[in-house]
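[1] how would this look folded up:
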Amino acid sequence: MRELDDISGAVVDAALKIHQALGPGLLESVYESVLAQELKRRGFEVQRQRSVCFEFEGMQFDEGFRIDLLVEGRVIVELKSLEKLAPVHSKQLLTYLRLMNLQVGLLINFGAYTLKEGLRRVVNGLVAAESPQLRVNDSRQLLDTNSTGERE
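    All right, here's what the predicted structure looks like:
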């Protein structure tokens, strides 16, 4: 089984490659398709547009939400193609992590001028990693969001 940092690092590396090659401005669905293919090419199991059902107070939601990518069944990747991320986007991903009982998610905004501006790592009940694989070009550290939705 692959480690969370290995999966996250590979997603970030692939996203960086794609952002450098394609740049900002395409539809989210294009980035989703290309990123999924790149990760599959690297040997990762990737599910696209996975529907997630959940129950709340006796009510069953068969399609409560859809996640853009689920990598190795352990890391949620939520993609955007916007000029700028809003705080609600990190909170949305944190909710997905909680409902699926997963620990790590990546919020990637391909619409940002640089990937560093559009990249957030969201954790649910997990201490922020210090792995060098989670850094973009070594000098650009990923920003972690903890389980309260606040940046560390």
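[2] What residues sit buried inside the one helix or strand residue 9 maps to?
    Assigned by DSSP states H and E, residue 9 falls within helix 4-22. The neighbour-count check on helix 4-22 (16 or more other C-beta atoms under 10 Å) flags 4, 6-12, 14-16, 18-19 as buried. Where C-beta positions appear, they are placed from N, C-alpha and C, glycine not excepted.
[3] Remind me what the next helix or strand after that helix packs against, helices and strands.
    Beyond helix 4-22 on the C-terminal side, the first helix or strand identified by DSSP H and E is helix 28-41. If you count contacts as 3 or more C-beta pairs under 8 Å, 6 or more residues apart in numbering; DSSP states H and E, helix 28-41 packs onto helix 4-22, strand 46-56, strand 59-71, strand 75-80.
[4] and of the buried residues of helix 4-22, the nearest to residue 125?
    Set against residue 125, the nearest of the buried residues of helix 4-22 by C-beta to C-beta is residue 4 (12.2 Å).
[5] Just give the closest residue to that closest one, not the sequence neighbours.
    Once flanking residues are discounted, residue 4 sits nearest to residue 104: 5.0 Å by C-beta to C-beta, 6 or more residues apart in numbering.
[6] residue contacts, the one you found?
    Listed by C-beta atoms under 8 Å, 6 or more residues apart in numbering, the contact set of residue 104 reads 4, 7, 8, 74, 75, 76, 97, 121, 122, 123, 124, 126.
[7] beta partners for it?
    Counting by DSSP bridges, residue 104 forms beta bridges with residue 75, residue 123.
[8] could you give me the average pLDDT of the helix holding residue 9?
    Here helix 4-22 scores 96 as its mean pLDDT.
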